[in-house]
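Engineer: Take a look and give me a structure for this.
(2 chains)
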Amino acid sequence: MNLDITKPLALMSVIIGVILYLYGQMVAMPFAFDIPHGVVPIKIDQPCGLFYVLFGFVVWQFGRFSKIKTLHAGIKKREKELKIKEPTEKVESAEEIKSVETIETNETAKPEKSEEK
Amino acid sequence: MKLELNLVDYAIVLIFVAFLFYVGMRCKQQMHSANDFFLVAKKLPGWVIAASLFSLGLTAFDVVGLSALTADHGILSLHYFWMGTIPAIAFLVLCVIPVFAKAQVKNLPEYLQRRFDSDTRLIGAYVYIVLVSLFCALNLFLGAKALAFFCPLPQLVWILILTLIAAGYVVLGGLSAAILNSVLLVSVIIFALTPLSILGIAHFGDWNKMVIELMDKAYFQIWKPLLGLNSMGVKWESIFTGLALSMSLGIFALDYSVIQRIQSLDDAQEAKKAAITAGWLRMFSPFIIVFPALVAVAAVPSLKLFDIKDAESGVLILPMLMGNWYTPGMFGVCMAAFIASVLCSLQAGLMVFSAAVFSDIQNGTGHAKITRAQKLVVAGAAVFAALALLLTQFPDAANYVQAVFTFIGVPLCAVTICGMLFAGCTSRGAKAGILGGVIIAMLHYFCSILSSISPNLIPGGLGSLIEPIKGQLSYFGFRSVFASNLSRSFFVFIGSIVIALLFSGKSKDQSENKDLNLLTFHISSVFARDNRMVLLSTIFLLVVMILLNVGLW
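Structural biologist: You can find the predicted model right below:
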């Protein structure tokens, strides 16, 4: 399945959040909310709308982050399968360079052999 | 007084429903056979499974029903969230998931077939179909009641609308759509309920102010009221024996839809982590369900009362608070949240119904046409809607559904656990255990009726005969239906296990079951090296639950 649920979730939150915020800003009237030492006027749509928009952005970023993380994990797994050393690692000795070269040549030589057959 | 809904409210609800259908449409692209419909095609992230498990605890029964329970009995309702779930999650993580992963079992009836025989599988499938139909009907009934408060359509219309939405996207996307949409449903419910809690804190200033406002200290105690007479009519030991031991295992640890979701993760460790995450979410969900209900009860004198009969029964306590503290715009989010709470149970129920009929009763193969599975979903939706309409005639429907669960769900759950824990349990024992459990439940029910009946109502000289028996049956004189259900479930649970073991002679089929080692629980798996983190997390979960219970003693 190709669907990443974070995108619909983020999009839905942002759309609902924007509608709520704009409605609260333009149309809604404040209502008197009782607190322990008095009454405050509140437009509940505005803070809720802002929170939803913020939540949507956070979820969108989380989706991107987890996608990149999954891709990296896949690359690392493949590298491990192919026995390729990570490019960041320093190849110190001449023997290690030789061993990496032989692995790479083996990997490229395999299909040629099969073609010859 | 009626709520004034605006166009913006309907727009928000429509956007929410449109996204549900969008997810269903996207999942449809990958559907080619019945196998794709009933299984998740690609591995889903653990957090999605955790959210979908959590969504099973945010149904209309939890949001509407348990907030009503809070309004009536105070924080005694917390037992449902803590004792009624957390021990079951611990059992799921430490016992059920390892066994199912080791044996590569995909659902509960399949386990029953491999552990016992095909007859037990068939019994299991029928039991799950009956239970899931009743539970979904109850959710439809409660959800429609809450939604009728916002939008004054008849309950019948709401039941049909909700059924159509759930059936619509489940038909399109199958189990994948049901699991993925759980994330949207959970988020909308949290969006709608969390501001109520925050406004509640702002309204009262602190916890003590709210306690003073209610003038009832017992309303904020979780165990002390159970030591004596209490409004719920439950004794403290029933919470351990009835709720934590027997009922919760069937409701959460051995629930068909829980196993369906857990098994969509290939990795057992991931599945355990998802279950523990769902446990944490469940433990703190009272903040958005129980707390707003307490706030509503405490704030009632200052609220504008709505002219509604059900306000007394507490079913509309949350919608009433929303009606007072929210304005148009947020009303739309609230409507979406109540729709979501019904869909949480409906989508799970439709998948259980269709999967049980398809694979366990019709013996369908994974390569069958997808339309066959889709037709079963539609049939399930029709059954749920018809039952919901029937339940509208019974105001005390939740207690009846719970009673039915103690009659047929608990014996099946007990036998499954018996098969998991005791290698000596055979198929003959399993069938005897289920039958014995049902008979014990009937006897218990008969005794509780007999102990409460007045001898004057009995014709002839039978009344005088019953009087001495009534004295002997004083134990069964329960103060509430819930207390009676808890007691019955414990008797049935223990009785089924004892009968299953007694009737399990050394039979031929048992010695021939090569999978027996895979299908039974081994204590060594709990203390295995790779299970240490899971074990510690589960213990931590239980410890926090105990501390919370002690804190609100």
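Engineer: Quick check: buried residues in stretch B:225-237?
Structural biologist: B:225, B:226, B:230, B:232, B:233, B:234, B:235 (16 or more other Cβ atoms under 10 Å in any protein chain shown). Heads up, the C-betas are built off the backbone N, CA and C, glycines and all.
Engineer: Equivalent analysis for stretch B:479-494, please.
Structural biologist: In terms of neighbour count (16+ other Cβ under 10 Å), stretch B:479-494 has its buried residues at B:481-494.
Engineer: Around chain B, pick out the residues from chain A.
Structural biologist: Taking Cβ under 8 Å from any Cβ of the partner chain as the measure of proximity, chain A contacts chain B at A:1-3, A:5, A:8-9, A:11-13, A:15-16, A:19-20, A:23-24, A:27-29, A:31, A:33-36, A:43-45, A:48-49, A:52, A:55, A:66.
Engineer: and those residues, which are buried?
Structural biologist: For these, a neighbour count by 16+ other Cβ under 10 Å gives the buried set as A:1, A:3, A:5, A:8-9, A:11-13, A:15-16, A:19-20, A:23-24, A:28, A:33, A:43-45, A:48-49, A:52, A:55.
Engineer: Give me the subset of those that lies in strands.
Structural biologist: residue A:33 (DSSP state E).
Engineer: picking up where we left off before, pick out whichever of the buried residues of stretch B:479-494 sits closest to chain A.
Structural biologist: Within the set of the buried residues of stretch B:479-494, residue B:482 lies nearest chain A; the separation is 35.0 Å, counting by Cβ to the nearest Cβ.
Engineer: what's near enough to touch the closest one?
Structural biologist: Contact partners of residue B:482, counting by Cβ atoms under 8 Å, 6 or more residues apart in numbering or on different chains, are B:232, B:233, B:234, B:399, B:402.
Engineer: Can you narrow those residues down to the ones near chain A?
Structural biologist: Checked against chain A using Cβ under 8 Å from any Cβ, these yield no neighbours at all.
Engineer: Please identify which of those residues is nearest to chain A.
Structural biologist: Sorting the contacts of residue B:482 by how near they are to chain A, with Cβ to the nearest Cβ, puts residue B:232 at the top with 31.0 Å.
Engineer: near chain A, which residues of chain B?
Structural biologist: Contacts of chain B with chain A, taken as Cβ under 8 Å from any Cβ, map to B:6, B:8, B:11-12, B:15-16, B:19, B:22-23, B:26-27, B:29-30, B:40-42, B:45, B:48, B:176, B:180, B:183-184, B:187, B:191, B:195, B:199, B:202-205, B:209, B:302, B:325-330, B:333.
Engineer: please redo it, this time with the cut-off set to 7 Å
Structural biologist: Counting by Cβ under 7 Å from any Cβ of the partner chain, chain B comes close to chain A at B:8, B:11-12, B:15-16, B:19, B:22-23, B:26-27, B:30, B:41-42, B:45, B:48, B:176, B:180, B:183-184, B:187, B:191, B:195, B:202-203, B:205, B:209, B:302, B:326-330, B:333.
Engineer: Any chance of TSV for the buried residues of stretch B:479-494, columns pLDDT and secondary structure?
Structural biologist: Shown next, in TSV, are the buried residues of stretch B:479-494 (pLDDT from 0 to 100; DSSP: H, G, I helix; E, B strand; the rest coil):
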residue	pLDDT	secondary structure
B:481	83	helix
B:482	85	helix
B:483	87	helix
B:484	89	helix
B:485	89	helix
B:486	90	helix
B:487	90	helix
B:488	92	helix
B:489	92	helix
B:490	93	helix
B:491	93	helix
B:492	94	helix
B:493	94	helix
B:494	94	helix
